[in-house]
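Trainee: sharing a model prediction with you, sequence too.
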Amino acid sequence: MKFDPHHCYDALVVGSGATGAVAAQTLAQQGLSVLVLEAGADKSVGDALGAEPLNSLRRVAHLSAGHHLLQGQHPGYWKNNPNLYVNEQQNPYTTPADQPFLWTRGRQVGGKSLSWGGITLRLSDNEFNQAWPLNHSELSPHYSALEQQLGVWGGRDGLELLPDGEFAPPAAFTPGELHLQSACKQLGLPFIASRGFPRHQAKRDGCWPRYSAQGGALAAALATGLVTLRSGAVVAELLLSPSQDQLEGVLFIDATSGAMHRAKAKLVVLCASTIESLRLLLLSRDDRCSNGLIDPHGLIGLGLMDHVSVARFFALPAQAPAPLGTGLSGAESAFIPNTGEGYGLWCGVQRFDPPALLRRDPKAAIGFLIGHGEVQPNPSNRVCLDHGRCDAWGLPVAHIAMAWGMAEQTLVNLMLSRMQTVVQAAGGEIKPIEDLFRLALIEPWLTASAAGSQAVPPPGYYIHELGGAPMGDNPERSVLDRWNRFHTCSNLLVTDGSCWPRSGWQSPTLTSMALTRRACLAAISRQ
């Protein structure tokens with residue numbers, strides 16, 4: 001359907017990525033008319049996914065032009081179509097000189113779901129009991145509904161700190177992973193199949209990957225006939241009633257023409273991604289515009305989080321060859337979950353082996369371990385507006401100030417120690433990637449990037465930014481209530497990563513999707 005500026009929609013969703021798609025589906029399947037506003041373009045499946053060797057040529061072009069100098073430091077950039085990443089010259093942001101932040105963004109229909117790694121771990125009550133206004137049992141039905149709809153793979157492992165879900169059977173381990181699992185068993189550590197999405201196979205999944213919005217919730221939303229999708233719509237401001245306690249709609253800019261439009265709705269669901277949602281809330285706050293959002297305690301943007309991460313490669317003694325077709329994905333990998341210490345280790349062995357000529361020891365089984373650890377909210381880690389710099393549409397950009405502290409460094413040391421213990425128990429050795437592979441032309445880039453460095457990557461690198469508009473029962477310490485409603489504006493829901501009061505250690509996307517489904521169903525029940 002075509003956008004009608006005179007129509008008052010039942011609901012308006014800002015963003016069409018993982019959470020925006022779930023919001024649109026949930027609302028539309030309950031009979032509401034829904035307008036979805038997406039800042040980026042509506043790409044065809046071919047334009048979105050691309051193919052080699054064109055994707056590599058595009059990377060060269062984008063990096064040479066300075067479009068992706070920051071985002072290109074993440075390994076995911078090198079496996080996806082680079083056109084799924086924003087032009088950093090059109091979409092700048094600022095940081096303190098001594099606090100780098102690597103912000104990865106995707107502005108297109110489907111958002112970053114098109115480049116999502118596809119790991120889907122539930123949070124446990126170990127996390128929910130720390131500052132969250134809900135528990136696992138309240139969110140479990142929504143986790144289950146999404147796991148079943150999306151066809152998540154995984155095992156039922158009976159771990160209290162990593163609740164089981166509704167899974168299709170897990171992927172098989174490689175011989176090297178079975179060897180590592182045996183070593184973990186001797187150490188008394190769990191070693192489980194990862195939970196998530198397998199690599200995309202068009203014959204099985206359809207033309208869109210199942211982990212993408214277009215391959216799941218957004219497709220279901222559009223199938224209702226009640227959803228209007230307007231791409232190229234850069235939302236600039238939330239429009240409040242004179243009483244400032246209700247939204248009347250939003251103001252958005254046509255990304256191509258620059259024309260301003262108003263869209264009216266009875267309910268607005270903000271799913272633009274953590275930092276973009278915080279920027280929009282700040283752009284709409286009453287200290288910037290008349291009749292703006294009331295933030296009585298000045299909490300919006302405070303307490304930004306991202307998982308602290310550290311990665312190591314290693315070589316194990318020779319193992320039986322991995323089966324043909326073995327690959328790496330959110331489901332085709334493994335986890336060594338934490339034991340209450342606030343971190344987990346994602347791993348894989350024999351899942352990215354290049355030809356023997358490029359391997360320094362062709363007999364060794366090569367693996368990786370990536371730790372991601374919980375980060376506590378700290379008011380000094382924050383997002384605010386930089387009024388001295390604007391994006392291509394004239395909007396003040398985000399200023400992101402975030403740095404690791406002693407707690408994060410302690411957690412990194414714990415993760416590195418666990419990695420060393422596990423690899424040594426398996427008879428292996430941790431080595432720099434250049435000591436494992438002959439990398440030829442890409443070695444200078446890799447060793448200079450965050451991905452190849454032995455140092456701890458800066459905040460933002462793991463693409464798990466969270467917080468800044470936390471949920472909570474106390475309005476003096478939270479921005480949203482337990483149903484994701486803005487405390488001073490009850491028809492505004494914020495359900496993406498910005499609503500998290502604590503980060504946990506698990507990959508956050510599935511939890512954000514479940515929170516979105518829960519919040520939208522509750523909003524419908526109140527009407």
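Mentor: Arrived safely, thanks for sending.
Trainee: okay, now the domains of this structure?
Mentor: 8-49+58-116+210-297+469-526, 153-195+308-373+404-448 (automatic domain parsing).
Trainee: which one of the ones you listed lies nearest to Arg382?
Mentor: Among these, domain 8-49+58-116+210-297+469-526 comes nearest to Arg382, with 9.0 Å by Cβ to Cβ. All C-beta spots, glycine's among them, are computed from the backbone N, C-alpha and C.
Trainee: what's the mean pLDDT across that closest one?
Mentor: Per-region confidence: domain 8-49+58-116+210-297+469-526 scores 97 on mean pLDDT.
Trainee: what about it, distance to the chain center?
Mentor: Here domain 8-49+58-116+210-297+469-526 shows a centroid-to-chain-centroid distance of 12 Å under the convention Cα atoms, centre = their mean, to the nearest Å.
Trainee: buried residues in stretch 422-433?
Mentor: Neighbour counts using 16 or more other Cβ atoms under 10 Å place 422-423, 425-426, 428, 430-431, 433 of stretch 422-433 among the buried residues.
Trainee: again but with stretch 84-103, I slipped
Mentor: Residues of stretch 84-103 classed as buried by neighbour count (16+ other Cβ under 10 Å): 84-88, 91-95, 100-103.
Trainee: likewise stretch 47-56?
Mentor: Using 16+ other Cβ under 10 Å as the test for burial, stretch 47-56 gives 48-50, 55.
Trainee: what of stretch 149-162?
Mentor: 149-155, 157, 159, 161-162.
Trainee: save the residues you listed as JSON lines, and put in pLDDT and distance to Ala331 too.
Mentor: As requested, the buried residues of stretch 149-162 are exported to JSON lines (pLDDT from 0 to 100; distance: Cβ to Cβ, whole Å):
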{"residue": "Gln149", "pLDDT": "96", "distance to Ala331": "16"}
{"residue": "Leu150", "pLDDT": "95", "distance to Ala331": "11"}
{"residue": "Gly151", "pLDDT": "96", "distance to Ala331": "10"}
{"residue": "Val152", "pLDDT": "97", "distance to Ala331": "8"}
{"residue": "Trp153", "pLDDT": "98", "distance to Ala331": "4"}
{"residue": "Gly154", "pLDDT": "97", "distance to Ala331": "7"}
{"residue": "Gly155", "pLDDT": "96", "distance to Ala331": "10"}
{"residue": "Asp157", "pLDDT": "96", "distance to Ala331": "14"}
{"residue": "Leu159", "pLDDT": "95", "distance to Ala331": "17"}
{"residue": "Leu161", "pLDDT": "92", "distance to Ala331": "20"}
{"residue": "Leu162", "pLDDT": "95", "distance to Ala331": "15"}
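Trainee: neighbours of Ile294, just the number please.
Mentor: Other residues within reach of Ile294, judged by other Cβ atoms under 10 Å, total 15.
Trainee: leaving out chain neighbours, which residue sits closest to it?
Mentor: Of all residues beyond its chain neighbours, the one nearest Ile294 is Thr488 (4.2 Å), with distances taken as Cβ to Cβ, 6 or more residues apart in numbering.
Trainee: tell me, how many residues neighbour that neighbour?
Mentor: 16.
Trainee: which residues touch it?
Mentor: Residues near Thr488 by Cβ atoms under 8 Å, 6 or more residues apart in numbering: 244-245, 293-296.
Trainee: distance-wise, check it relative to Val34.
Mentor: To Val34, Thr488 is 24 Å away according to Cβ to Cβ, to the nearest Å.
Trainee: what do you get for Arg351?
Mentor: Distance from Arg351 to Val34, by Cβ to Cβ: 39 Å.
Trainee: which of those two has more neighbours?
Mentor: More crowded of Arg351 and Val34, by other Cβ under 10 Å: Val34, with 28 against 20.
Trainee: for the more buried one, which residues are in contact?
Mentor: So Val34 contacts 9-13, 24, 27-28, 221, 226-228 (Cβ under 8 Å, 6+ apart).
Trainee: if we use 10 Å, what do you get?
Mentor: Listed by Cβ atoms under 10 Å, 6 or more residues apart in numbering, the contact set of Val34 reads 9-13, 23-28, 221-222, 224, 226-229, 265, 267, 269, 520.
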